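Undergrad: Just the structure for this:
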Amino acid sequence: MKKLSILIPCYNEEENVVPISQAVIDILTKKLPQYDYELVFIDNDSTDQTRHLLRQLCSENPRIKAIFNARNFGQFNSPYYGMLQVTGDCVIQMVADFQDPVELIPTYVHEWEKGYKIVIGIKTSSKENKLMYWLRGCYYKMMKKLSDVEQIEQFTGSGLYDRSFIEVLRKLDDPIPFLRGIVAELGFKIKKIPYEQPKRRAGKTKNHFYQLYDAAMLSITSYTKAGLRLATITGTVCSVISMIVAVIYLILKLIYWDRFPAGMAPVLIGMCFLGSVQLFFIGMLGEYILSINARVMKRPLVIEEERINFDADSKEEEEEILSAASLEHGGKDEI
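TA: Take a look at the predicted model:
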């Protein structure tokens, strides 16, 4: 019997973890009864009642498992680490707030059985804030044009990933992984499933401006050379313009020595312009160096504080081994 792993990262989702677990299990038992399953929550150091509720869920159902991070390791590391911990033949990742519809699970599995190693959800529209949806669309289009790798528009990371893909992720050894870029980069056979993104069921989004900026910078520094190339080109153009202006200024001063005042305005304008350009690209260069520094330090993706119900798998394996050994021993006695 094949096993499905459902991975749900969460952070302060006390209003959603119980309903999402019930919805997922209901879909699996009714629409996919021929599969074994595990439902894995990875909690990114929630400060509300999320962990308490997860402990209750795990105590009531051994197929529900939980990993508690020692601290908040960010919106990319935690889900990526969770994908490496599951035991199923495939893993389906979705958010806890119902913005990834649970009704897509049977569709994902059906396409997986056809041979697709990766089946992902693509937003065709959204019931979230219209401005945010438009800004995200602009970001995806920009990344698609700037990136050396063909990026996937309106892909948030939700989808089904085959065990073979998980094993590749395990070998990457990337301390700051950007899953959306990795999916586009590795070249696995991908099936895209369109859907309309619903509103959050409850609670507030945890993606504030800093996290969105962090995501954008990670994708830019990981999958584009545009920042560095733009700095080089802009610096060259500004240098050429400055040299031309300087030569013209010198010639005019020599020809009209008494009538052409030096003045401070051109000097100040030039200094402010060149200074602002330099500061912008120093900041961009710093983003690249920050990304390189994080990769060089080789820090772990996540430090676990606690995991629940994962020992059930090892106990089942031990029981199967003991059962096989007893059968073998019994057969020898009969001989």
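Undergrad: quick one, helices of the stretch 51-200 of the chain?
TA: Listed in chain order, the helices of the stretch 51-200 of the chain (DSSP state H, counting those that start in this stretch) span residues 74-85, 104-113, 130-146, 163-172, 179-186.
Undergrad: looking at these, which is buried most?
TA: Neighbour counts averaged per stretch over those are highest for helix 74-85, at a mean of 20; criterion: mean count of other Cβ atoms under 10 Å. Any C-beta I mention is one placed from the backbone N, CA and C, and that applies to glycine too.
Undergrad: now the stretch 201-335 of the chain, which segments are flagged as low pLDDT?
TA: 201-229, 259-269, 272, 287, 290-291, 293-297, 312-335 (pLDDT under 70).
Undergrad: hey, least reliable of the helices of the stretch 51-200 of the chain by pLDDT?
TA: Ranked on mean pLDDT, the bottom entry among the helices of the stretch 51-200 of the chain is helix 130-146, at a mean of 70.
Undergrad: Please tabulate the helices of the stretch 51-200 of the chain in a markdown table, including the columns distance to residue 157.
TA: As requested, those are exported to a markdown table (distance: least, Cβ to Cβ, whole Å):
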| stretch | distance to residue 157 |
| --- | --- |
| helix 74-85 | 7 |
| helix 104-113 | 13 |
| helix 130-146 | 13 |
| helix 163-172 | 12 |
| helix 179-186 | 5 |
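Undergrad: Just give the closest residue to residue 116, not the sequence neighbours.
TA: Closest residue in space to residue 116, ignoring its immediate chain neighbours: residue 191 at 4.1 Å, by Cβ to Cβ, 6 or more residues apart in numbering.
Undergrad: nearest to residue 285, of the helices of the stretch 51-200 of the chain?
TA: helix 130-146 (16.4 Å; Cβ to Cβ).
Undergrad: would you list every one of the strands in the protein?
TA: 3-10, 36-43, 64-69, 90-93, 118-126, 159-162, 190-197, 304-308 (DSSP state E).
Undergrad: Let me see the contact set for residue 38.
TA: Residues in contact with residue 38, defined by Cβ atoms under 8 Å, 6 or more residues apart in numbering, are 3, 4, 5, 6, 63, 64, 65, 86, 87, 88.
Undergrad: An error on my part: the question was meant for residue 177.
TA: For residue 177, the contact set (Cβ under 8 Å, 6+ apart) comprises 76, 77, 80, 169, 301.
Undergrad: cool, and residue 109?
TA: Under the criterion of Cβ under 8 Å, 6+ apart, the neighbours of residue 109 are 4, 32, 35, 90, 92, 160.
Undergrad: let's see 10 Å
TA: By Cβ atoms under 10 Å, 6 or more residues apart in numbering, residue 109 lies in contact with 2, 4, 28, 31, 32, 34, 35, 90, 92, 119, 160.
Undergrad: Using TSV, lay out the residues you listed together with neighbour count and pLDDT.
TA: Output for the contacts of residue 109, formatted as TSV (neighbours: other Cβ atoms under 10 Å; pLDDT from 0 to 100):
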residue	neighbour count	pLDDT
2	15	93
4	23	95
28	22	94
31	16	94
32	16	94
34	8	95
35	16	95
90	25	95
92	27	95
119	24	94
160	29	95
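Undergrad: farthest-separated two in those?
TA: 34 and 119 (17.8 Å).
Undergrad: what's the offset of stretch 160-176 from the middle of its chain?
TA: In terms of Cα atoms, centre = their mean, to the nearest Å, the gap separating the centre of stretch 160-176 from the centre of its chain is 13 Å.
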